[in-house]
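Trainee: structure for the following, please:
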Amino acid sequence: MRILILGAGATGGYFGGRMLEAGADVTFLVRPRRAEQLRAQGLVVESPCGDIRRPAPVVTAEALRPEWDVVVLSCKAWDLVDAIGAMTPAMGPETKVLPLLNGLMHLDVLDEVFGAGRVLGGLCQIAATLTPDGTIRHLNKAHMLAFGHRSTEQRRFCAQLDQALTGISCSLRRSEQILLEMWEKWVMLSTLAGATCSLRATVGDIVSVKGGEWLVRTMLAEANAIATAHGNGARASVLERTEALLTETGSTLAASMLRDLEAGGPIEVDHVIGDLLRRGQEKGVAAPLLTVAYLHLKAYEARRAREAGQGTA
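Mentor: Numbers count the residues shown, from 1 in each chain. As a prediction, the model looks like this:
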């Protein structure tokens, strides 16, 4: 099975490296500068789960052909439109897309462009960063990748992809209920982003102050109420683990959106919180704390745009 990974950044590069280790047929679609970097030094990953340093097959846009079985998409939500433009020449008549983005909004976009039958469900959990010299730095031991079918017609392909990734040294799972798992991650992430970005603090900092744990638990209840209204409320065991994760004393956990916010960069607010609130409104589910968090982040975007327009960003 021929696998094309769009980009070789922190997420795509990490999981692509693990696929290469397992002997999978993987190529990275990258820009010319990153292609030169990878050709010169190979793919370099520093990880507590084992370092990687190996040659990385690359292709650039001008050499792209529709010869791939699956394209793995792991960009940030704000890059989705550009990513679709970059990957379209790779899409043959049977090519599937495996997106690993947060939330569910991207599925609507990809379905519209490529057709729902060609878009799988997927998610990942990893904390990693790409250093200026091109090294992918894995920040902890979490490295989970899950994928699955969104229609019965996709089952066979997912089984073949699972077989192609046999031996990969990360937590890989072919899920029979991938949409539920995507909703469960969304419930967790919207709560984590809403709380840590609104209060500009880690989970441990938030729960250390009076009312902090109440805020986190209430946001989580709001997010899960929306998921439940759409028939995808978190399973009891998952919700229990999520509550424990988001209320852990001394935890340094914070949403990656907080890092983006503090760096003055773009954020995934509409995909992680805004779209969830929209779906809540469709079902008449109120979420006042998540709404305040959303307004806080939208105000940040407005200020960022204003200051950029003034040449002060």
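Trainee: contacts, neighbours, all on C-alpha from now
Mentor: Fine.
Trainee: which parts of the stretch 1-150 of the chain are helices?
Mentor: Taking DSSP state H, counting those that start in this stretch, the helices of the stretch 1-150 of the chain run over residues 10-21, 32-41, 80-87, 105-114.
Trainee: for Arg241, find the nearest of those helices.
Mentor: The closest of these to Arg241 is helix 10-21. By CA to CA, the value is 23.8 Å.
Trainee: who are the packing partners of the helix or strand where Ala221 lies?
Mentor: When elements are assigned from DSSP states H and E, Ala221 belongs to helix 212-229. Under the contact definition 3 or more CA pairs under 8 Å, 6 or more residues apart in numbering; DSSP states H and E, helix 212-229 sits against helix 178-199, helix 203-207, helix 236-246, helix 275-282, helix 288-309.
Trainee: tell me which of those lies nearest to Ala35.
Mentor: helix 288-309 (30.6 Å).
Trainee: rewinding a little: most packed of the helices of the stretch 1-150 of the chain?
Mentor: Greatest average neighbour count among the helices of the stretch 1-150 of the chain goes to helix 10-21 (a mean of 23), per mean count of other CA atoms under 10 Å.
Trainee: leaving out the residues flanking it, which one is nearest to Met87?
Mentor: Leu6 (7.2 Å; CA to CA, 6 or more residues apart in numbering).
Trainee: show me the beta-bridge partners of that neighbour.
Mentor: Taking DSSP bridges as the rule, Leu6 bridges to Leu29, Leu73.
Trainee: picking that back up, could you export the helices of the stretch 1-150 of the chain to TSV, including columns for distance to His149?
Mentor: Output for the helices of the stretch 1-150 of the chain, formatted as TSV (distance: least, CA to CA, whole Å):
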stretch	distance to His149
helix 10-21	20
helix 32-41	32
helix 80-87	21
helix 105-114	13
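Trainee: turn those into CSV, columns for distance to Glu62 and mean pLDDT.
Mentor: Shown next, in CSV, are the helices of the stretch 1-150 of the chain (distance: least, CA to CA, whole Å; pLDDT from 0 to 100):
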stretch, distance to Glu62, mean pLDDT
helix 10-21, 20, 96
helix 32-41, 10, 94
helix 80-87, 10, 95
helix 105-114, 21, 97
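Trainee: nearest to Gly280 among these would be which one?
Mentor: Nearest of the helices of the stretch 1-150 of the chain to Gly280, taken as CA to CA: helix 105-114 at 13.7 Å.
Trainee: could I have the CA atoms of the closest one written out in CSV?
Mentor: In CSV, the C-alpha atoms belonging to helix 105-114 read as follows (Å, rounded to 0.1, in the frame of the first residue of the first chain):
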residue,chain,number,x,y,z
MET,A,105,-15.6,20.4,10.7
HIS,A,106,-12.9,19.1,8.3
LEU,A,107,-14.9,16.1,7.5
ASP,A,108,-17.6,18.3,5.9
VAL,A,109,-15.0,20.1,3.9
LEU,A,110,-13.2,17.0,2.7
ASP,A,111,-16.5,15.2,1.9
GLU,A,112,-17.6,18.1,-0.3
VAL,A,113,-14.3,18.1,-2.2
PHE,A,114,-13.5,14.4,-2.5
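Trainee: between that helix and helix 275-282, how many degrees?
Mentor: 90 degrees (axes from the mean of the first three to the mean of the last three CA atoms, to 10 degrees).
Trainee: and the contacts of helix 105-114?
Mentor: Helix 105-114 has contacts (CA atoms under 8 Å, 6 or more residues apart in numbering) with Ala77, Leu80, Ile84, Ala116, Gly117, Arg118, Val119, His271, Asp275.
Trainee: ok, back up a step: how about the helix holding Ala221, which residues are buried there?
Mentor: For helix 212-229, the neighbour count (16 or more other CA atoms under 10 Å) marks 212-213, 215-228 as buried.
Trainee: of these, which pair is most distant in space?
Mentor: Among these, Gly212 and Thr228 lie farthest apart (CA to CA), at 24.3 Å.
Trainee: ok so, going back, among the helices of the stretch 1-150 of the chain, which comes closest to Ser171?
Mentor: Closest of the helices of the stretch 1-150 of the chain to Ser171 is helix 10-21, at 10.3 Å (criterion: CA to CA).
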